[in-house]
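Q: pasting the sequence and the predicted model now:
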Amino acid sequence: MRPNFPIIVTALLLAVSPCFAQTPSRDQLRRQDLSFVSTQLPKLHINFFFQLNPQDFNQAVQELDARIPILSDAEFNVRLAALAAMAGDPHTMIFPAVLADAPAQKFPLVFRWLDDGVFVTSASDPYAKALGTRLVAVGNTPIDEVMRQLGTLIAHDNPQWLRYYGAQYLPYQPILQGLGILPVTAASKLTFRTLGGDEFTLDVLPGAAPMVSTPAAATGPLPLYLQNSSLNYWFTYNAALRLLYFKYNSCREMPGSPFAAFADQVLSTIDANPVDTLVLDFRGNVGGDSSVINPLVAGLELRVGALTANPKFVAYDVIDKGTFSSGMLNAMLLKSLQLQGAAANPGLDLARLMVVIGESTGGSPIGYGNVSGFILPNSGLTGQYSTKSFALLPFIPTAPSFMPDVAVAARSTDFFARFDPVLAAILARSAGAPPAPSGAAIALNGATFRVDQGLAPGSLAALFGVFPDNVDAVFVNDQAGAIVSTSSSQINFVLPSSVSPGLATISVRAKGAEVANGQATITGAGPGIFVSAPADPSQPGAVLNDDSTLQIFATGLSGKPVQVYVADQPAEVLFAGPLPQYPGIWQINARIPEGVSGQVPVYLIAESMTSNGVTVRIR
């Protein structure tokens with residue numbers, strides 16, 4: 001009898017089939033991830049299509065599905081992230097790089113977006129030349145276009161969140177390669193620009209490596225907002241300033257330091273000490289559990305009467321582009337409570353109870369949150385989605401960001417000079433910067449060249465524009481200033497000492513005829529400290545230093561009383577007066593506070609106006 005080979009073979013195949021089960025192809029595995037994003041994520045989100053047309057989303061899904069066979073892993077990953085970002089909810093996202101592989105994928109650089117660009121704040125030793133410089137191009141792509149493309153992966157209600165969060169995407173080589181910004185090579189070309197304007201390109205390899213930072217705590221004191229970054233919350237009391245400073249880095253309990261017990265320490269310190277200034281700093285707080293802070297808020301509410309009985313008392317709510325989610329909600333809550341209290345008690349002056357200061361936030365006052373996380377089944381990419389919508393708090397306006405009452409710029413030169421302009425504005429009780437100058441002749445403080453400073457009578461100013469060679473007069477509200485020097489693009493002059501505060505017209509004349517004019521704000525004082533090396537990011541000041549005193553050279557004081565701060569400590573002023581041989585320039589001598597050493601910031605306050613910050617090395 002002949003054996004039935006088909007039956008035998010079939011039986012054998014069935015017997016061994018577990019060993020020969022077909023392995024899903026790469027494309028099939030990718031479609032598992034795409035299926036989750038396209039079908040499950042919209043179901044999990046509380047309102048995925050709140051501003052997204054489902055047809056547009058489905059078309060994008062189909063286009064990605066068709067391209068699966070030809071995309072690299074990096075290209076596929078960024079396109080998955082872009083699908084999640086289409087919802088327009090900043091809390092809903094897919095991070096387009098595998099976190100487990102992060103050390104090998106990241107350039108050993110840390111970036112920070114400041115008002116004047118993206119700057120390198122930490123770098124490994126081979127790339128230390130980039131410290132303090134501005135990133136201007138990634139490969140052949142200008143940084144603005146890089147950020148625009150990153151914006152397709154990062155849902156954002158406003159540019160602030162893209163600037164904050166996008167800076168954290170920049171070190172990831174696979175993200176930049178997936179977007180087509182960088183070629184797939186081992187090293188990548190990054191181009192930087194120094195403060196002096198010089199550009200250079202480095203070939204940067206990703207990989208974990210020890211990094212050095214600037215400014216560094218080892219060489220001098222850091223501003224308060226940069227200290228203790230590993231702690232979710234901390235506080236300090238400065239007796240000389242009568243200031244209590246609370247920094248809230250993350251809305252999460254700390255093991256071994258329950259927030260309720262911590263809040264008791266803060267409140268006990270307030271009860272036991274005179275407090276003229278209370279600072280609640282939410283900069284860089286991207287969220288967590290919004291209820292963690294409740295014990296502190298409740299305790300402060302009980303003390304409103306005692307605190308406001310002090311006529312010098314002002315509370316400040318500090319925010320920036322990194323204030324997001326529960327961090328922003330907590331900051332808004334404090335302002336909302338103040339506004340509710342003011343509405344309920346019209347006879348009381350509660351305006352100083354909570355002044356919001358800093359930058360606009362990365363989040364919107366209204367939106368979604370309370371996220372849950374997920375891991376995609378094939379790629380291992382992590383993501384999250386919103387499970388709850390949030391209503392607007394009372395008296396908080398609808399806007400793309402929660403806005404400060406007092407806006408303070410965040411410049412690179414301040415950051416690298418260890419200077420916190422927000423704290424300086426708080427100590428000055430600043431009401432905000434005067435209107436920026438305008439016109440064909442832009443008049444700026446002669447020491448700082450900053451548009452957010454007023455011009456003081458008798459101070460040195462600089463006019464920028466296009467001027468003829470025969471300029472012979474500058475008038476401020478029809479009063480003649482004293483010209484110090486002229487060129488085709490800049491005129492240095494001393495403002496008349498009798499010009500009145502307020503909006504002024506600056507008129508540039510040649511042989512009696514006006515050749516350019518502009519508008520600028522005259523303020524009672526407009527302090528500015530001269531910088532000895534303007535191209536140095538740390539801004540070394542025109543400051544002479546002996547064993548116990550500093551001699552500071554500045555402008556914009558106009559005979560007004562001046563306060564000097566060294567490392568955020570008040571310094572005793574020994575002398576302040578003009579230098580007759582140098583019109584418009586003042587010398588201020590101040591005693592160095594005890595215990596101050598290293599590279600430290602120095603700044604001035606006069607007439608509620610703050611100067612720039614400069615650094616000086618104190619032995």
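A: Good, I have the coordinates. Computed from a predicted model, the values in this text were never measured in an experiment. Numbers count the residues shown, from 1 in each chain.
Q: now stretch 584-601: buried residues?
A: Using 16 or more other C-beta atoms under 10 Å as the test for burial, stretch 584-601 gives 584-590, 592-593, 596, 598-601. Glycine gets a C-beta too; all of them are placed from N, C-alpha and C.
Q: return the member of these nearest to Asp469.
A: For the buried residues of stretch 584-601, the minimum distance to Asp469 (C-beta to C-beta) is 23.4 Å, reached by Gly584.
Q: for the closest residue to Leu243 other than its chain neighbours, give its distance to Pro434.
A: Among residues not flanking Leu243 along the chain, Thr277 sits closest, at 4.2 Å (C-beta to C-beta, 6 or more residues apart in numbering). In this view, Thr277 and Pro434 are 23 Å apart by C-beta to C-beta, to the nearest Å.
Q: ok, Leu423 next?
A: Taking C-beta to C-beta, one finds Leu423 at 20 Å from Pro434.
Q: by residue count, which helix of this structure is the longest?
A: helix 325-344 (DSSP state H).
Q: list the buried residues in that helix.
A: Under 16+ other C-beta under 10 Å, the buried positions of helix 325-344 are 325-339, 342.
Q: from those residues, which shows the smallest pLDDT?
A: Taking the buried residues of helix 325-344 together, the minimum pLDDT is found at Ala342 (89).
Q: contacting residues for that residue?
A: If a contact means C-beta atoms under 8 Å, 6 or more residues apart in numbering, then Ala342 has 348, 350-351, 353 as its contacts.
Q: again, only using 6 Å
A: Residues in contact with Ala342 (C-beta atoms under 6 Å, 6 or more residues apart in numbering) are Leu350.
Q: ends of stretch 425-432, what's the gap?
A: Stretch 425-432 has an end-to-end distance of 8 Å (C-alpha to C-alpha, to the nearest Å).
Q: tell me the mean pLDDT over that stretch?
A: 97.
Q: and stretch 103-119, by the same measure?
A: 96.
Q: repeat that for stretch 385-402.
A: On average, stretch 385-402 scores 95.
Q: for that stretch, buried residues please.
A: 385-386, 390, 393, 396, 400-402.
Q: which residues in the stretch 351-500 of the chain form strands?
A: Secondary structure of the stretch 351-500 of the chain by DSSP state E, counting those that start in this stretch: the strands cover 355-358, 367-375, 382-390, 406-407, 438-439, 442-445, 460-464, 473-476, 479-480, 482-486, 490-494.
Q: switch those strands over to TSV; also include distance to Thr194.
A: Output for the strands of the stretch 351-500 of the chain, formatted as TSV (distance: least, C-beta to C-beta, whole Å):
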stretch	distance to Thr194
strand 355-358	28
strand 367-375	39
strand 382-390	37
strand 406-407	28
strand 438-439	30
strand 442-445	22
strand 460-464	21
strand 473-476	32
strand 479-480	39
strand 482-486	26
strand 490-494	21
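Q: which among those strands is found nearest to Met86?
A: Nearest to Met86, of the strands of the stretch 351-500 of the chain and by C-beta to C-beta, is strand 382-390 at 12.9 Å.
Q: what's the angle between that closest one and strand 367-375?
A: 150 degrees (axes from the mean of the first three to the mean of the last three C-alpha atoms, to 10 degrees).
Q: for Gln105, see how far away the residue nearest to Val184 when sequence neighbours are not counted is.
A: Among residues not flanking Val184 along the chain, Gln177 sits closest, at 5.5 Å (C-beta to C-beta, 6+ apart). Applying C-beta to C-beta, the value for Gln177 to Gln105 is 10 Å.
Q: overlap in contacts of those two?
A: With C-beta under 6 Å, 6+ apart as the test, Gln177 and Gln105 reach no residue in common.
Q: which residues in the stretch 101-250 of the chain form strands?
A: For the stretch 101-250 of the chain, the strands defined by DSSP E, counting those that start in this stretch cover 109-114, 117-124, 134-138, 141-142, 188-193, 199-204, 211-213, 233-238, 243-248.
Q: buried stuff in the longest one?
A: Read that as strand 117-124. 117-124.
Q: which of those residues sits closest to Val78?
A: The nearest one, if we look at the buried residues of strand 117-124 relative to Val78 and count by C-beta to C-beta, is Val118, at 19.4 Å.
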